[in-house]
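> output the structure for:
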Amino acid sequence: MVDGFRVWGSPWQPMFMFWAFNLPWGAMLREKWNQIPFDTDILVTHGPPCGILDQVMPEPPEGWAPEQDPPAHLGCEELLIRVRTLRPRLHMFGHIHGGYGVHKDRRTTYVNACICDEAYWARPQWRPQFPGSRFPDTQAPNASAFMPTE
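Residues are numbered from 1 along each chain as shown. Predicted coordinates:
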């Protein structure tokens, strides 16, 4: 309980490369998500539920034609089922950088809080500013070593 809100968090995610807290899609994840208490107000998970702020490219790229498949949804279907059952007030997650943003339905506000883009660069609003730097939007004092020269 935090300031009267019931908070529950989980690091688990569907299998992704060799990262920590990976589980195969399906029953093993369902078992983890079924541990989320029914009275949860705020849910924090590593990744998103399927179909909600879970696309690498949420907007079709320039030149995309309607007959092509849209960008795939990468969120967890088992998590979506549980979230729709529980209907917490807030569900916060990250993992899918391109899905950054906020989505609301009748009961739940979903927040993909990724602070970096697909290339792991900090989003402009999160980049510190370094006075006198030739690169005012760099991520760290030594980031200029990785920037292209003009």
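> what helix or strand is Arg30 on?
helix 27-33 (DSSP states H and E).
> could I get the average pLDDT for that helix?
Helix 27-33 comes out with an average pLDDT of 94.
> note down every partner strand of the very next helix or strand once past that helix and its orientation.
Downstream of helix 27-33, the first helix or strand assigned by DSSP H and E is strand 42-45. Using DSSP bridges, the strands paired with strand 42-45 in its sheet are strand 7-10 (parallel), strand 90-93 (parallel).
> pLDDT score for the nearest residue to Arg87 once chain neighbours are set aside?
Leaving aside its chain neighbours, Arg87 sits nearest to Arg107 (4.4 Å; criterion: Cβ to Cβ, 6 or more residues apart in numbering). Any C-beta I mention is one placed from the backbone N, CA and C, and that applies to glycine too. Note on Arg107: pLDDT of 91.
> wait, is Arg107 part of a helix?
No. Counting by DSSP: H, G, I helix; E, B strand; the rest coil, Arg107 is not part of a helix but coil.
> burial measure for it, as a count.
Arg107: 10 surrounding residues under other Cβ atoms under 10 Å.
> against Thr45, how distant is it?
Remark: distance between Arg107 and Thr45 (Cβ to Cβ, to the nearest Å) = 17 Å.
> which residues in this structure form helices?
Here the chain has its helices, by DSSP state H, at 27-33, 77-86.
> neighbouring contacts of the first one?
Translated: helix 27-33. 10, 12, 14, 23, 76, 78-79, 81-82 (Cβ atoms under 8 Å, 6 or more residues apart in numbering).
> cutoff 6 Å now
Residues from elsewhere that reach helix 27-33, judged by Cβ atoms under 6 Å, 6 or more residues apart in numbering: 12, 23, 78-79, 82.
> hmm, back to that, out of the helices of the chain, deepest packed?
Of the helices of the chain, the one with the most neighbours on average (mean count of other Cβ atoms under 10 Å) is helix 77-86, at a mean of 19.
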